[in-house]
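Trainee: what follows is a predicted structure for the sequence shown.
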Amino acid sequence: KVISHIYIDRLKGCEIAIFGLNEAKQLVSEFELSLATQTNMTSELPELKSVKDELVDIQEYLQQHQPKLQHLKDAVKSLRTYVE
């Protein structure tokens, strides 16, 4: 393979990995903000149910975005093969 094609492949791999990192960073920021806005735990049952529902929503949101995180993992793995 021509050396210029190798560099092009490396740059494409970097671009994909950086895009994935930015998506993951945004996702983590959203979770961080969501968790930071949680109030202290209470012993009141209705409030506990509300907190539980919010945490379940967060968990579902994370599961929906799991493919993006897996894609980032794969992109980084692929990039490693280009730069080693």
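Mentor: Sure, I can see it.
Trainee: for the most centrally placed residue in the chain, give me its contacts.
Mentor: Geometric centre of the chain, nearest residue: A24, 3.1 Å, by Cα atoms, centre = their mean. Applying Cβ atoms under 8 Å, 6 or more residues apart in numbering to A24 gives the contacts K68, L69, L72. Bear in mind the C-beta positions are built from the backbone N, C-alpha and C, glycine included.
Trainee: quick check, nearest of the residues you listed to E84?
Mentor: Of all the contacts of A24, L72 has the smallest distance to E84: 18.6 Å, by Cβ to Cβ.
Trainee: excluding sequence neighbours, find me the nearest residue to the closest one.
Mentor: G20 (3.4 Å; Cβ to Cβ, 6 or more residues apart in numbering).
Trainee: related to what we said a few turns ago, and the residue nearest to the centre of the chain, what helix or strand is that in?
Mentor: Using DSSP states H and E, A24 maps to helix 3-36.
Trainee: buried set for that helix?
Mentor: G13, I16, A17, G20, A24, L27 (16 or more other Cβ atoms under 10 Å).
Trainee: any idea of the pLDDT on the fifth one?
Mentor: A24 is assigned 93 on the pLDDT scale.
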